[in-house]
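A.B. asks: Okay, predicted coordinates and the sequence, questions at the end:
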Amino acid sequence: MKRILVLTGGGDCPGLNAVIRGICKSARREKDWEVYGSIEAFNGVLNEPQEIIHLNSKRTAGIHIKGGTILKTTNKGNPIKFPVQQPDGSFKFIDRSDELVTKLKKLNFDAVINIGGDGSQKISKVLFEKGIPIIGVPKTIDNDLSATDMTFGFQTAVQIATDSFDKLVTTAESHHRVMIMEVMGRDAGWIALHTAIAGGAEICLIPEIPYDVNKLVKRIDLRYKKGRGFVNIVISEGAKAKEGTVTASAGERGSEHVRLGGVAYQLSKQLKDAGCKAEIRETVLGHVQRGGTPSAFDRVLASAFGVKAFELVAEKDFGRMVALRNNTITSVTLEEATKEPNFVKSETTYLLKAAKGLGISFGD
Ligand code: F6P
């Protein structure tokens, strides 16, 4: 029997289970393949005892409609920068990639499929260079990978954000308030941009375009010209004022990243300090954007990604990441996959032009 090891790394994302099922279903159609899963990204291989499970049909039946990942995940398991707690409680990051490669080679899998975002695919690239036959599958609700036109999970996150935004519009209107809704998007403003257009926001603030608070106050004042008005703002967690920094709490213990969150409150204060008279309320959407069942679109994309990942394995076309490009499912080298992030670009992002055409202010 030939064997595949599948794992999910980084933040969870609606559609992960649909990819796993897609891989397993297409592998099972070929009689000589078996699929296994490493629990909690590569920790399942690194940990002693190892945690590797057989992904039989009982384990994967019907999972495409479930959110999260049946294989669990972590953002504290990067084998290249592995967090090790020191006697004083602090964390030191060490390189365990050689240890991982040795363990993977000993396990003798014919292929590894790593489902994850930018960080995970950088790990895939290093492992491929060290001789592991690996395939990447892109995931992130932030949609910030440039090698694929879209990642699964993004559409679901946008729908959840838009549904919440719609609810805030009616209460903003009833109370003549300014409503600020904070969405995810560490470095890329895709969720905010899509939600602003779908929801009909007056203001959209994203990490790629630093905002001028005074311009925002002017825009808000315009809406209150006749005394009563209301304004709905959507802001990415990574957005910042022209003069200022992003609200970030200290890095979580053992995590490489600082935790973002709370810019809605920061913006609220900035607006008041700059003379905004309207009543303001803040909503931080947070992890609901990543939870629950994937949309039909994301189930389809994720399932197709899973089937494509197995196809690449069967063809022994390793060192590649599955991608959606020009409406077809294809693949790119891991080199290309990790070259540059996908940001909202002033010059080339048509949706930015569309948003401005709809009168949405970015505070620039
Ligand atoms: O990368 C996806 C993302 O949703 C970011 O937008 C966000 O900053 C981050 O994950 C939060 O992750 P967690 O709180 O799970 O560490």
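C.D. replies: Nice, thanks for sending it over.

A.B. asks: Please identify the buried residues of stretch 299-309?
C.D. replies: R299, V300, L301, A302, S303, A304, F305, G306, V307, K308, A309 (16 or more other Cβ atoms under 10 Å). The way it works is simple: take the backbone N, C-alpha and C, and place the C-beta from them, glycine included.

A.B. asks: quick one: it to chain centroid distance?
C.D. replies: Offset of stretch 299-309 from its chain centre (Cα atoms, centre = their mean, to the nearest Å): 17 Å.

A.B. asks: same thing with stretch 221-236?
C.D. replies: 30 Å.

A.B. asks: ok, and what's touching it?
C.D. replies: 161, 165, 168-169, 172-173, 175-185, 188-189, 191-192, 195-196, 199-207, 219-220, 263-264, 267, 276-278 (Cβ atoms under 8 Å, 6 or more residues apart in numbering).

A.B. asks: Could you do stretch 262-275 as well?
C.D. replies: By Cβ under 8 Å, 6+ apart, stretch 262-275 touches 178, 180-182, 205, 213-214, 216-217, 220, 233, 235-241, 244, 246-247, 249, 280, 282-284.

A.B. asks: Quick one: mean pLDDT over that stretch.
C.D. replies: Stretch 262-275 comes out with an average pLDDT of 96.

A.B. asks: Please save the CA atoms from it in PDB.
C.D. replies: Output of stretch 262-275 as PDB, limited to C-alpha atoms (Å, rounded to 0.1, in the frame of the first residue of the first chain):
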ATOM      1  CA  GLY A 262      -9.300  46.200  19.300                       C
ATOM      2  CA  VAL A 263      -8.700  48.800  16.500                       C
ATOM      3  CA  ALA A 264     -12.400  49.500  16.600                       C
ATOM      4  CA  TYR A 265     -12.000  51.000  20.100                       C
ATOM      5  CA  GLN A 266      -8.900  52.800  19.100                       C
ATOM      6  CA  LEU A 267     -10.700  54.300  16.100                       C
ATOM      7  CA  SER A 268     -13.700  55.300  18.300                       C
ATOM      8  CA  LYS A 269     -11.400  57.200  20.600                       C
ATOM      9  CA  GLN A 270      -9.500  58.800  17.600                       C
ATOM     10  CA  LEU A 271     -12.800  60.000  16.100                       C
ATOM     11  CA  LYS A 272     -14.000  61.500  19.400                       C
ATOM     12  CA  ASP A 273     -10.600  63.200  20.000                       C
ATOM     13  CA  ALA A 274     -10.900  64.700  16.500                       C
ATOM     14  CA  GLY A 275     -14.300  66.200  17.300                       C
END
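
A.B. asks: any residue of that stretch up close to the ligand?
C.D. replies: No: for stretch 262-275, no contact with the ligand is found by Cβ under 6 Å from any ligand atom; the gap never falls below 11.2 Å.

A.B. asks: thinking again about what came up before, which of the contacts of stretch 262-275 are close to the ligand?
C.D. replies: E237.

A.B. asks: Of the contacts of stretch 262-275, which belong to strands?
C.D. replies: 178, 180-182, 205, 233, 235-236, 249, 280, 282-284 (DSSP state E).

A.B. asks: any idea which helix is longest in this structure?
C.D. replies: helix 154-175 (DSSP state H).

A.B. asks: same for it, what does it pack against?
C.D. replies: strand 178-183, helix 190-199, strand 231-236, helix 296-314 (3 or more Cβ pairs under 8 Å, 6 or more residues apart in numbering; DSSP states H and E).

A.B. asks: so for that helix, what's the average pLDDT?
C.D. replies: 98.

A.B. asks: in it, what counts as buried?
C.D. replies: For helix 154-175, burial by neighbour count (16+ other Cβ under 10 Å) applies to 154-162, 164-165, 168-169, 172.

A.B. asks: just these now: which is nearest the ligand?
C.D. replies: Lowest distance from the ligand to the buried residues of helix 154-175 (Cβ to the nearest ligand atom) belongs to A157, with 8.0 Å.

A.B. asks: Now the closest one: closest residue in space that isn't a chain neighbour?
C.D. replies: Once flanking residues are discounted, A157 sits nearest to I141: 4.0 Å by Cβ to Cβ, 6 or more residues apart in numbering.

A.B. asks: tell me, what residue is most central in this protein?
C.D. replies: T140 (2.6 Å; Cα atoms, centre = their mean).

A.B. asks: isn't that residue right up against D12?
C.D. replies: No: the criterion here is Cβ atoms under 8 Å, and T140 misses it with D12 at 10.4 Å.

A.B. asks: what's the following helix or strand after the lowest-mean-pLDDT helix or strand in the chain?
C.D. replies: Counting by mean pLDDT, DSSP states H and E, the chain has its least confident helix or strand at strand 248-251, which shows a mean of 65. With elements assigned by DSSP states H and E, the helix or strand that comes after strand 248-251 is strand 258-260.
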